[in-house]
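S.K.: Structure for the following, please:
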Amino acid sequence: MKDPIWQEAHRALLKFLRPDDIILLPYGDWPKLPCKSTFYGDLITIDDATVFVLHKGRFGAIDKSTLRNIADTWQCIFGNGVFLCFSKDIRARRDIRQGRSQIDYRVLQTRFPSDVLRRFLQSKQLRRRSSCIWYVHLPKAAGTWMWRPLARAFPSRIYFPSFAAFAANPPDIDEYDLIGGHLPISIIEPYLSPEDWVIGLMRDPTERLLSAFLHSRRPTEDPSTFTATMRAMRHTPFRDFIRTERGKLEAQQQLLMLGCDYATGPSSSDGQMYLDRAGAIISANQFLFAPCTRSTEFLQLAAQLYRISSKFSAPTNTNDYALQSSDIVEFHALRDEVRSINIAERQLYNIVSKRFEFDDANGWPTRLRLRHRRAMGSLHRMASARFALSEFRGRARAARINRHSFARDKGLTRESW
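M.R.: Sure, this is the predicted structure:
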């Protein structure tokens, strides 16, 4: 196991597991465990699992009512920067979510706070807007970098790791301010209202494919967490990979996500049709896309439109170009062939770049900010006050529960305390 955070979870679980357990884990190179192990990818079904390891990026992969039941009735036995681990029965001295009170779900700040799960389960009470922001995360296009400030601004949010997860567990639109993930436009179109926004960043297609290729070849990555396409890029010479149907689709992934109707399935030979459809879609007023080379301006624009912080975070999931020089040489030997495949996607990228420049020059952030000012109103303050009141009531209730439990254990009567 290469990731130290995954190693930490593995070591912590060993002291809790029993031979008759069934543990449900995300795919990864987990060392052998002393019980039966089952694994999940983009979809999570609990079935007969007795121990469940929840990845922080997989809230959207499980039915929300099932996740709420687990949070309410299972014991949380471990948490770190990536995982929360739940047991169906009592195994630890106390639930790690129990801080100063029974429902104060907090752990060390350096760890993945289980409070994030509680907020997710209370997303409807935390909603601030009357409309929804849809974030289309195009892979390897600074998407995670952009998602982070949006996520900080809107606690009422959900992220889907794939469109399969979205299709299996579609969100209640009235419950979220922000819905994001690797979501093709065609599957979210039926859910859009006229007041919603669809936003995202797009990258130069050839550079995006190079980044994806280098990611798949990193020696520190765990191939068992990869998609089938990423595993093919890792284990197949790039010359052979790019000439397969899978390789041609990967070279046009942004075009497919924005212009392909996934009800009929993608084809590498329909680039012009996808270009026409994607160009018409992203030209609509409620669609806001920008080249990732303008990501700083895009974040500042989002901060103005949605009244959020434009605080920048450090880039994540980046490649070490010096370490992978041989992979870069292998890719550049086929660069002309790649460019012949992604012609339509490069045309779409140029449309996105020119539209962002045009709109930016004409000062449309001010117009859009005025348009949404009434919708935003005082919803932010109302949601904050509601959440604060909920916290106060919860802590007061927990204090009463603790007092009664103490009295019962000591055999005290109400009059005596």
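S.K.: how near is the residue most central in space within the chain to residue 262?
M.R.: By C-alpha atoms, centre = their mean, the chain has its centre lying nearest to residue 159, at 3.9 Å. Distance of residue 159 to residue 262, given as C-beta to C-beta, to the nearest Å: 19 Å. Where you see a C-beta, it was placed from the backbone N, CA and C, and this is true even at glycine.
S.K.: Counting by contacts, list what the helix or strand containing the residue nearest to the centre of the chain packs against.
M.R.: Secondary-structure element containing residue 159, defined by DSSP states H and E: strand 157-160. When contacts are defined as 3 or more C-beta pairs under 8 Å, 6 or more residues apart in numbering; DSSP states H and E, strand 157-160 packs onto helix 143-153, strand 178-181.
S.K.: Tabulate those (CSV), appending distance to residue 225 and mean pLDDT.
M.R.: Written out in CSV, the entries for the helices and strands packed on strand 157-160 read as follows (distance: least, C-beta to C-beta, whole Å; pLDDT from 0 to 100):
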stretch, distance to residue 225, mean pLDDT
helix 143-153, 15, 87
strand 178-181, 17, 96
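S.K.: from those, which stretch is densest packed?
M.R.: The highest mean neighbour count among those, using mean count of other C-beta atoms under 10 Å, belongs to strand 178-181: a mean of 25.
S.K.: by contact count, what packs against that strand?
M.R.: strand 133-136, helix 143-153, strand 157-160, helix 163-168.
S.K.: Now tabulate those in JSON lines and tack on distance to residue 29.
M.R.: Output for the helices and strands packed on strand 178-181, formatted as JSON lines (distance: least, C-beta to C-beta, whole Å):
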{"stretch": "strand 133-136", "distance to residue 29": "30"}
{"stretch": "helix 143-153", "distance to residue 29": "22"}
{"stretch": "strand 157-160", "distance to residue 29": "24"}
{"stretch": "helix 163-168", "distance to residue 29": "22"}
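S.K.: In the chain, what helix or strand scores lowest on average pLDDT?
M.R.: Of all helical and strand segments in the chain, the minimum by mean pLDDT, DSSP states H and E falls on helix 364-376, at a mean of 45.
S.K.: Using a markdown table, lay out the helices and strands packed on strand 157-160 together with distance to residue 325.
M.R.: Below are those laid out as a markdown table (distance: least, C-beta to C-beta, whole Å):
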| stretch | distance to residue 325 |
| --- | --- |
| helix 143-153 | 25 |
| strand 178-181 | 33 |
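S.K.: Of all the ones you listed, which one comes closest to residue 46?
M.R.: Set against residue 46 and scored by C-beta to C-beta, those come closest in strand 178-181, at 21.3 Å.
S.K.: could you say what helices and strands the helix or strand following the closest one packs with?
M.R.: On the C-terminal side of strand 178-181, the closest following helix or strand by DSSP H and E is helix 185-188. For helix 185-188, the elements it packs on are strand 133-136, helix 163-168, helix 253-259, judged by 3+ C-beta pairs under 8 Å, 6+ apart.
S.K.: is the residue nearest to the centre of the chain in a bridge, and if so with what?
M.R.: The residues listed as beta-bridge partners of residue 159 by DSSP bridges are residue 180.
S.K.: Could you list the domains of the protein?
M.R.: 4-121, 133-376, 388-417 (automatic domain parsing).
S.K.: looking at the ones you listed, which is closest to residue 127?
M.R.: Here domain 133-376 is closest among the domains of the chain (C-beta to C-beta), at 4.3 Å.
S.K.: quick one on the thing from earlier: mind putting the domains of the chain in a markdown table, distance to residue 127 included?
M.R.: Listed next are the domains of the chain as a markdown table, based on distance: least, C-beta to C-beta, whole Å:
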| stretch | distance to residue 127 |
| --- | --- |
| domain 4-121 | 12 |
| domain 133-376 | 4 |
| domain 388-417 | 13 |
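S.K.: Give me the below-cutoff pLDDT ranges for the stretch 251-400 of the chain.
M.R.: For the stretch 251-400 of the chain, the stretches with pLDDT under 70 are 307, 309-317, 358-400.
S.K.: give me every residue that touches residue 9.
M.R.: 53, 78, 80, 82-83, 85 (C-beta atoms under 8 Å, 6 or more residues apart in numbering).
S.K.: correction: residue 266
M.R.: Residue 266 touches 249, 256, 260, counting by C-beta under 8 Å, 6+ apart.
S.K.: Backbone torsions only: list them for residue 68.
M.R.: Here the main-chain torsion angles of residue 68 (degrees, to the nearest 10) amount to phi -60, psi -40.
S.K.: Who's the closest spatial neighbour of it, skipping the chain neighbours?
M.R.: residue 121 (5.2 Å; C-beta to C-beta, 6 or more residues apart in numbering).
S.K.: Would you quantify the distance from residue 75 to residue 87?
M.R.: In terms of C-beta to C-beta, residue 75 sits 5 Å off from residue 87.
S.K.: More neighbours: which of the two?
M.R.: residue 87 (21 against 18; other C-beta atoms under 10 Å).
S.K.: got a pLDDT number for the more buried one?
M.R.: Note on residue 87: pLDDT of 96.
S.K.: For burial, what's the neighbour tally of residue 95?
M.R.: Neighbours of residue 95 using other C-beta under 10 Å come to 17.
S.K.: I'd guess it is in a helix, am I close?
M.R.: No: assessed with DSSP: H, G, I helix; E, B strand; the rest coil, residue 95 is coil; it does not lie in a helix.
S.K.: which regions of the stretch 51-200 of the chain lie under the pLDDT threshold?
M.R.: Across the stretch 51-200 of the chain (using pLDDT under 70), the flagged ranges come out as 99-114.
S.K.: Fine by me, thanks again.
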